[in-house]
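**Q** with the input below, show me the fold.
(one chain, ligands or ions: 1)
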Amino acid sequence: MSEYPLSAADLTLYDPFDGMRFSMHQCFLCGAPTTPPTDSVPVFAEWLMERYNLAVRPIKLLDMSIVNYQDLRIACCPRCRTQHVEPLEARVEEAANEGISGLRRLDEQSLFLWLGKMFYGILITELLNELDPLAKPQYPLAENAQMLRRFQAFFQPLQALRVPIEYDDFVPGSIFILEADPTEDHMAFEYDDDLSTIAFSIKLDNTVLMACLVDNGIIAQAMRRVYQDAHRPLHPVQVAEFKARVYYAAYLLNVIPDYFTRPVKPGDTEVVMDTFIDDITATVFNPWENSGYAQSLLEMWKRWQIPLEEIMRDPEQPLSYLYDADGQPQVMKHLAKEDGENKEGK
Ligand SMILES: [Zn+2]
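**A** Have a look, this model is predicted:
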(Lines give C-alpha, C1' and ligand atoms only; values in the text may rest on other atoms or scores of the structure.)
Protein backbone atom coordinates (compact mmCIF):
# COMPACT_ATOMS: atom_id res chain seq x y z
CA MET A 1 0.00 0.00 0.00
CA SER A 2 2.98 2.23 0.49
CA GLU A 3 4.35 4.22 -2.40
CA TYR A 4 7.68 4.40 -0.61
CA PRO A 5 10.18 1.59 -1.07
CA LEU A 6 10.45 -0.46 2.06
CA SER A 7 13.58 0.08 4.04
CA ALA A 8 15.03 -2.14 6.70
CA ALA A 9 13.58 0.10 9.40
CA ASP A 10 10.06 -0.71 8.23
CA LEU A 11 10.59 -4.29 9.23
CA THR A 12 11.53 -3.43 12.79
CA LEU A 13 9.02 -4.67 15.31
CA TYR A 14 7.93 -2.73 18.36
CA ASP A 15 7.06 -3.99 21.81
CA PRO A 16 5.12 -1.51 23.95
CA PHE A 17 4.95 -4.09 26.76
CA ASP A 18 8.67 -3.73 27.18
CA GLY A 19 8.61 -1.02 29.85
CA MET A 20 4.82 -0.69 29.54
CA ARG A 21 5.02 2.21 27.14
CA PHE A 22 1.35 3.04 26.90
CA SER A 23 0.39 6.66 26.64
CA MET A 24 -1.34 9.19 24.44
CA HIS A 25 2.12 10.45 23.52
CA GLN A 26 3.40 7.38 21.69
CA CYS A 27 2.00 5.74 18.57
CA PHE A 28 0.36 2.44 19.50
CA LEU A 29 1.83 0.75 16.44
CA CYS A 30 5.38 2.05 16.11
CA GLY A 31 6.13 3.99 19.30
CA ALA A 32 6.87 7.29 17.49
CA PRO A 33 6.14 10.39 19.58
CA THR A 34 2.62 11.72 19.03
CA THR A 35 0.77 14.88 19.98
CA PRO A 36 -2.64 14.37 21.49
CA PRO A 37 -5.40 14.73 20.54
CA THR A 38 -4.46 15.29 16.88
CA ASP A 39 -2.33 12.21 16.44
CA SER A 40 -4.89 9.56 17.21
CA VAL A 41 -7.36 7.17 15.62
CA PRO A 42 -10.78 6.17 16.89
CA VAL A 43 -11.02 2.64 18.31
CA PHE A 44 -14.28 2.22 16.41
CA ALA A 45 -13.71 3.72 12.97
CA GLU A 46 -15.56 6.82 11.80
CA TRP A 47 -17.46 4.78 9.21
CA LEU A 48 -18.73 2.43 11.92
CA MET A 49 -19.77 5.29 14.19
CA GLU A 50 -21.58 6.99 11.34
CA ARG A 51 -23.30 3.92 10.07
CA TYR A 52 -24.60 2.83 13.48
CA ASN A 53 -24.93 6.21 15.20
CA LEU A 54 -22.40 5.24 17.81
CA ALA A 55 -20.64 8.55 18.38
CA VAL A 56 -22.50 9.56 21.55
CA ARG A 57 -23.56 6.09 22.58
CA PRO A 58 -22.19 5.27 26.05
CA ILE A 59 -19.81 2.45 26.76
CA LYS A 60 -18.90 1.24 30.24
CA LEU A 61 -15.27 0.56 31.11
CA LEU A 62 -13.87 -1.81 33.71
CA ASP A 63 -13.47 0.93 36.30
CA MET A 64 -17.20 1.58 35.83
CA SER A 65 -16.56 4.92 34.19
CA ILE A 66 -18.73 5.69 31.19
CA VAL A 67 -17.43 7.20 27.98
CA ASN A 68 -18.92 7.70 24.54
CA TYR A 69 -17.75 5.65 21.58
CA GLN A 70 -16.29 8.75 19.96
CA ASP A 71 -14.09 9.38 23.01
CA LEU A 72 -12.33 6.06 22.60
CA ARG A 73 -9.18 7.00 20.73
CA ILE A 74 -5.63 5.69 20.73
CA ALA A 75 -2.41 7.48 19.92
CA CYS A 76 -1.34 6.96 16.32
CA CYS A 77 1.31 8.79 14.31
CA PRO A 78 0.31 10.32 10.95
CA ARG A 79 2.31 7.73 9.02
CA CYS A 80 0.69 4.72 10.69
CA ARG A 81 -2.72 6.38 10.46
CA THR A 82 -2.61 7.21 6.75
CA GLN A 83 -0.61 4.23 5.55
CA HIS A 84 -1.83 1.41 7.73
CA VAL A 85 -4.93 2.04 9.85
CA GLU A 86 -7.03 4.03 7.39
CA PRO A 87 -6.35 1.73 4.40
CA LEU A 88 -7.39 -1.26 6.51
CA GLU A 89 -10.57 0.50 7.62
CA ALA A 90 -11.32 1.41 4.00
CA ARG A 91 -10.90 -2.22 2.95
CA VAL A 92 -13.22 -3.50 5.67
CA GLU A 93 -15.77 -0.75 5.03
CA GLU A 94 -15.90 -1.70 1.38
CA ALA A 95 -16.37 -5.36 2.28
CA ALA A 96 -19.02 -4.50 4.88
CA ASN A 97 -20.94 -2.49 2.28
CA GLU A 98 -21.58 -5.77 0.51
CA GLY A 99 -22.91 -7.34 3.69
CA ILE A 100 -22.03 -10.78 4.95
CA SER A 101 -20.78 -12.09 1.60
CA GLY A 102 -18.31 -9.22 1.37
CA LEU A 103 -17.05 -9.83 4.90
CA ARG A 104 -16.75 -13.56 4.27
CA ARG A 105 -14.60 -12.85 1.23
CA LEU A 106 -12.22 -10.66 3.18
CA ASP A 107 -8.88 -12.32 3.82
CA GLU A 108 -8.37 -13.73 7.29
CA GLN A 109 -5.39 -11.52 8.12
CA SER A 110 -7.36 -8.33 7.41
CA LEU A 111 -10.19 -9.55 9.62
CA PHE A 112 -7.78 -10.46 12.39
CA LEU A 113 -6.09 -7.07 12.20
CA TRP A 114 -9.37 -5.20 12.09
CA LEU A 115 -10.88 -6.99 15.09
CA GLY A 116 -7.52 -6.91 16.81
CA LYS A 117 -7.18 -3.15 16.39
CA MET A 118 -10.50 -2.54 18.13
CA PHE A 119 -9.74 -5.03 20.88
CA TYR A 120 -6.32 -3.52 21.43
CA GLY A 121 -7.80 -0.02 21.48
CA ILE A 122 -10.15 -1.00 24.30
CA LEU A 123 -7.33 -2.79 26.11
CA ILE A 124 -5.04 0.25 25.98
CA THR A 125 -7.84 2.50 27.15
CA GLU A 126 -8.33 0.22 30.14
CA LEU A 127 -4.60 0.00 30.84
CA LEU A 128 -4.22 3.78 30.65
CA ASN A 129 -7.14 4.17 33.04
CA GLU A 130 -5.37 1.88 35.47
CA LEU A 131 -2.20 3.92 35.29
CA ASP A 132 -4.19 6.94 36.38
CA PRO A 133 -3.17 7.34 40.04
CA LEU A 134 -6.75 8.21 40.99
CA ALA A 135 -8.22 5.06 39.52
CA LYS A 136 -8.84 2.05 41.68
CA PRO A 137 -9.59 -0.72 39.24
CA GLN A 138 -11.56 -3.67 40.48
CA TYR A 139 -9.58 -6.17 38.43
CA PRO A 140 -6.18 -4.68 37.65
CA LEU A 141 -5.07 -6.01 34.28
CA ALA A 142 -1.49 -4.90 34.55
CA GLU A 143 -0.92 -6.82 37.78
CA ASN A 144 -1.81 -10.21 36.40
CA ALA A 145 1.35 -11.75 34.92
CA GLN A 146 -0.48 -14.44 32.96
CA MET A 147 -2.82 -11.91 31.42
CA LEU A 148 0.01 -9.58 30.52
CA ARG A 149 1.85 -12.42 28.83
CA ARG A 150 -1.26 -13.12 26.79
CA PHE A 151 -1.64 -9.45 25.78
CA GLN A 152 2.01 -9.32 24.84
CA ALA A 153 1.71 -12.48 22.73
CA PHE A 154 -1.38 -11.10 20.98
CA PHE A 155 0.48 -7.92 20.03
CA GLN A 156 3.13 -9.85 18.07
CA PRO A 157 0.97 -10.93 15.09
CA LEU A 158 -1.07 -7.72 15.43
CA GLN A 159 1.99 -5.82 14.26
CA ALA A 160 1.17 -7.00 10.75
CA LEU A 161 -1.04 -3.92 10.80
CA ARG A 162 2.14 -1.88 10.24
CA VAL A 163 4.94 -4.27 9.28
CA PRO A 164 4.39 -6.71 6.41
CA ILE A 165 4.34 -10.04 8.22
CA GLU A 166 3.73 -13.47 6.82
CA TYR A 167 2.43 -15.92 9.40
CA ASP A 168 4.22 -19.12 8.52
CA ASP A 169 1.59 -21.84 8.38
CA PHE A 170 -0.63 -20.59 11.19
CA VAL A 171 -3.50 -18.23 11.88
CA PRO A 172 -3.08 -16.19 15.06
CA GLY A 173 -6.73 -16.30 16.12
CA SER A 174 -10.03 -18.11 15.67
CA ILE A 175 -12.52 -16.03 13.76
CA PHE A 176 -16.15 -16.97 13.20
CA ILE A 177 -18.64 -15.24 10.92
CA LEU A 178 -22.29 -15.96 11.63
CA GLU A 179 -25.47 -14.80 9.99
CA ALA A 180 -28.39 -13.60 12.09
CA ASP A 181 -31.88 -14.37 10.83
CA PRO A 182 -33.77 -11.04 10.59
CA THR A 183 -37.11 -12.33 11.92
CA GLU A 184 -36.43 -11.62 15.60
CA ASP A 185 -33.19 -9.73 15.23
CA HIS A 186 -33.55 -6.14 16.40
CA MET A 187 -29.97 -5.07 17.03
CA ALA A 188 -28.14 -3.45 14.14
CA PHE A 189 -24.94 -3.09 16.13
CA GLU A 190 -23.56 -4.88 19.14
CA TYR A 191 -20.11 -5.27 20.54
CA ASP A 192 -18.59 -7.02 23.52
CA ASP A 193 -15.29 -8.34 24.67
CA ASP A 194 -13.60 -10.33 27.37
CA LEU A 195 -10.26 -8.69 27.96
CA SER A 196 -8.77 -11.44 30.08
CA THR A 197 -9.27 -14.12 27.42
CA ILE A 198 -8.87 -11.82 24.39
CA ALA A 199 -12.30 -12.73 23.09
CA PHE A 200 -14.16 -10.17 21.00
CA SER A 201 -17.42 -9.96 19.14
CA ILE A 202 -19.03 -7.33 16.95
CA LYS A 203 -22.31 -7.36 15.07
CA LEU A 204 -22.84 -5.38 11.88
CA ASP A 205 -26.47 -5.70 10.77
CA ASN A 206 -26.98 -9.43 10.16
CA THR A 207 -23.27 -10.29 10.31
CA VAL A 208 -21.84 -11.36 13.64
CA LEU A 209 -18.07 -11.64 13.94
CA MET A 210 -16.61 -13.47 16.92
CA ALA A 211 -13.03 -14.19 17.73
CA CYS A 212 -10.51 -15.39 20.21
CA LEU A 213 -7.51 -13.40 19.05
CA VAL A 214 -4.64 -15.30 20.63
CA ASP A 215 -5.22 -19.03 20.24
CA ASN A 216 -3.54 -19.86 16.92
CA GLY A 217 -6.85 -21.16 15.63
CA ILE A 218 -7.20 -23.86 18.29
CA ILE A 219 -10.77 -22.92 19.22
CA ALA A 220 -11.81 -22.85 15.56
CA GLN A 221 -10.35 -26.35 15.24
CA ALA A 222 -12.21 -27.56 18.32
CA MET A 223 -15.48 -25.99 17.17
CA ARG A 224 -15.23 -27.00 13.54
CA ARG A 225 -18.36 -29.11 13.51
CA VAL A 226 -20.48 -26.64 15.47
CA TYR A 227 -19.33 -23.89 13.11
CA GLN A 228 -20.21 -25.95 10.05
CA ASP A 229 -23.64 -26.66 11.50
CA ALA A 230 -24.10 -22.94 12.17
CA HIS A 231 -23.53 -21.94 8.56
CA ARG A 232 -27.13 -20.78 8.07
CA PRO A 233 -29.28 -17.90 9.29
CA LEU A 234 -29.52 -18.22 13.06
CA HIS A 235 -31.99 -16.86 15.58
CA PRO A 236 -30.21 -14.31 17.82
CA VAL A 237 -30.59 -16.68 20.77
CA GLN A 238 -28.64 -19.26 18.76
CA VAL A 239 -25.98 -16.71 17.87
CA ALA A 240 -25.70 -15.95 21.60
CA GLU A 241 -25.30 -19.66 22.35
CA PHE A 242 -22.49 -19.90 19.82
CA LYS A 243 -20.85 -16.92 21.45
CA ALA A 244 -21.17 -18.57 24.87
CA ARG A 245 -19.28 -21.56 23.47
CA VAL A 246 -16.52 -19.42 21.96
CA TYR A 247 -16.09 -17.32 25.10
CA TYR A 248 -16.16 -20.35 27.38
CA ALA A 249 -13.60 -22.13 25.20
CA ALA A 250 -11.40 -19.02 25.34
CA TYR A 251 -11.75 -19.11 29.11
CA LEU A 252 -10.68 -22.77 29.22
CA LEU A 253 -7.75 -22.26 26.90
CA ASN A 254 -4.66 -22.97 28.93
CA VAL A 255 -1.85 -22.16 26.54
CA ILE A 256 -0.31 -18.94 25.32
CA PRO A 257 1.44 -19.09 21.95
CA ASP A 258 5.00 -17.90 21.58
CA TYR A 259 5.93 -16.03 18.43
CA PHE A 260 9.30 -15.70 16.79
CA THR A 261 10.44 -13.73 13.80
CA ARG A 262 13.17 -14.93 11.50
CA PRO A 263 16.18 -12.66 11.11
CA VAL A 264 15.63 -10.05 8.42
CA LYS A 265 18.15 -10.03 5.58
CA PRO A 266 18.94 -7.06 3.33
CA GLY A 267 16.39 -6.93 0.54
CA ASP A 268 13.64 -8.67 2.52
CA THR A 269 10.25 -7.08 2.06
CA GLU A 270 8.45 -8.89 4.84
CA VAL A 271 9.01 -10.51 8.17
CA VAL A 272 8.29 -14.21 8.51
CA MET A 273 6.72 -15.12 11.83
CA ASP A 274 6.72 -18.58 13.35
CA THR A 275 4.83 -19.79 16.33
CA PHE A 276 5.20 -22.39 18.98
CA ILE A 277 2.84 -23.71 21.60
CA ASP A 278 4.23 -25.64 24.46
CA ASP A 279 1.47 -28.22 24.70
CA ILE A 280 3.68 -30.87 26.15
CA THR A 281 3.93 -29.38 29.60
CA ALA A 282 0.41 -27.94 29.60
CA THR A 283 -3.00 -29.24 28.64
CA VAL A 284 -4.42 -27.11 25.84
CA PHE A 285 -7.86 -26.78 27.44
CA ASN A 286 -8.79 -26.99 31.08
CA PRO A 287 -11.61 -29.51 31.61
CA TRP A 288 -15.04 -28.50 30.35
CA GLU A 289 -17.56 -28.13 33.15
CA ASN A 290 -21.23 -27.80 32.38
CA SER A 291 -21.77 -25.56 35.40
CA GLY A 292 -19.15 -23.13 34.07
CA TYR A 293 -20.53 -23.27 30.56
CA ALA A 294 -24.02 -22.65 31.94
CA GLN A 295 -22.77 -19.40 33.50
CA SER A 296 -21.52 -18.33 30.10
CA LEU A 297 -24.93 -19.16 28.59
CA LEU A 298 -26.71 -17.28 31.38
CA GLU A 299 -24.63 -14.20 30.59
CA MET A 300 -25.09 -14.38 26.82
CA TRP A 301 -28.82 -15.10 27.13
CA LYS A 302 -29.47 -12.23 29.56
CA ARG A 303 -31.63 -10.44 27.02
CA TRP A 304 -34.06 -13.38 26.94
CA GLN A 305 -33.96 -13.85 30.72
CA ILE A 306 -33.53 -17.59 30.55
CA PRO A 307 -33.07 -18.72 34.16
CA LEU A 308 -30.22 -20.94 35.24
CA GLU A 309 -32.54 -23.74 36.36
CA GLU A 310 -33.95 -23.92 32.85
CA ILE A 311 -30.46 -23.94 31.35
CA MET A 312 -29.40 -26.70 33.74
CA ARG A 313 -32.63 -28.73 33.74
CA ASP A 314 -30.52 -31.59 32.45
CA PRO A 315 -27.20 -31.17 34.28
CA GLU A 316 -25.55 -33.53 31.78
CA GLN A 317 -26.68 -31.44 28.83
CA PRO A 318 -27.24 -27.73 29.31
CA LEU A 319 -30.04 -26.16 27.28
CA SER A 320 -29.27 -25.73 23.59
CA TYR A 321 -31.08 -23.89 20.83
CA LEU A 322 -28.47 -24.74 18.23
CA TYR A 323 -29.14 -28.46 18.56
CA ASP A 324 -32.27 -30.46 19.31
CA ALA A 325 -32.54 -33.30 21.83
CA ASP A 326 -31.17 -35.74 19.26
CA GLY A 327 -28.14 -33.60 18.60
CA GLN A 328 -29.39 -32.42 15.21
CA PRO A 329 -29.00 -28.76 14.13
CA GLN A 330 -32.18 -26.97 15.03
CA VAL A 331 -34.01 -24.55 12.75
CA MET A 332 -35.58 -21.71 14.72
CA LYS A 333 -37.47 -18.63 13.61
CA HIS A 334 -39.08 -17.69 16.90
CA LEU A 335 -38.21 -18.18 20.50
CA ALA A 336 -41.23 -19.41 22.43
CA LYS A 337 -40.62 -17.79 25.79
CA GLU A 338 -42.90 -19.95 27.97
CA ASP A 339 -41.77 -23.17 26.39
CA GLY A 340 -38.29 -24.03 27.49
CA GLU A 341 -38.58 -27.29 25.57
CA ASN A 342 -38.89 -25.49 22.27
CA LYS A 343 -37.12 -28.33 20.52
CA GLU A 344 -39.25 -28.49 17.41
CA GLY A 345 -38.44 -25.05 16.12
CA LYS A 346 -40.91 -23.30 13.89
ZN1 LIG B 1 3.25 4.98 14.15
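**Q** what about the nearest residue to V284 once chain neighbours are set aside, distance to the ion?
**A** Closest residue to V284 apart from its sequence neighbours, by C-beta to C-beta, 6 or more residues apart in numbering: V255 at 5.5 Å. Backbone N, C-alpha and C define where each C-beta goes, glycine included. Distance check for V255 against the ion: by C-beta to the ion, to the nearest Å, it reads 31 Å.
**Q** hang on, isn't V255 packed against D278?
**A** Yes. Counting by C-beta atoms under 8 Å, V255 does reach D278; the two are 6.9 Å apart.
**Q** looking at those two, which has the bigger crowd around it?
**A** Neighbours were counted for V255 and for D278 using other C-beta atoms under 10 Å; V255 has more, 19 against 10.
**Q** still on that earlier bit, got a list of what the residue nearest to V284 touches?
**A** Residues counted as contacts of V255 (C-beta atoms under 8 Å, 6 or more residues apart in numbering) are 218, 277-279, 282, 284.
**Q** what of Y191?
**A** Y191 makes contact with 44, 118, 201-203, according to C-beta under 8 Å, 6+ apart.
**Q** what about the stretch 1-150 of the chain, any weak spots by pLDDT?
**A** Within the stretch 1-150 of the chain, the segments meeting pLDDT under 70 span 1-9, 133-139.
**Q** how about the residues of the chain that lie near the ion?
**A** Within the chain, the positions near the ion by C-beta under 5 Å from the ion are 27, 29-30, 32, 77, 80.
**Q** switch these over to JSON lines; also include neighbour count.
**A** Below are the residues of the chain next to the ion laid out as JSON lines (neighbours: other C-beta atoms under 10 Å):
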{"residue": "C27", "neighbour count": "23"}
{"residue": "L29", "neighbour count": "26"}
{"residue": "C30", "neighbour count": "21"}
{"residue": "A32", "neighbour count": "15"}
{"residue": "C77", "neighbour count": "23"}
{"residue": "C80", "neighbour count": "22"}
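**Q** widest-spaced pair of the residues you listed?
**A** L29 and A32 (8.6 Å; C-beta to C-beta).
**Q** in the stretch 151-300 of the chain, what residue lies closest to the ion?
**A** As assessed by C-beta to the ion, the ion sits closest to R162 within the stretch 151-300 of the chain, at 6.7 Å.
**Q** please list all residues in contact with that residue.
**A** If you count contacts by C-beta under 8 Å, 6+ apart, then R162 has 14, 29-30, 80, 84 around it.
**Q** list the contacts for the closest residue to it other than its chain neighbours?
**A** Closest residue to R162 apart from its sequence neighbours, by C-beta to C-beta, 6+ apart: L29 at 4.5 Å. L29 makes contact with 14, 76-77, 80, 84-85, 159, 161-162, according to C-beta under 8 Å, 6+ apart.
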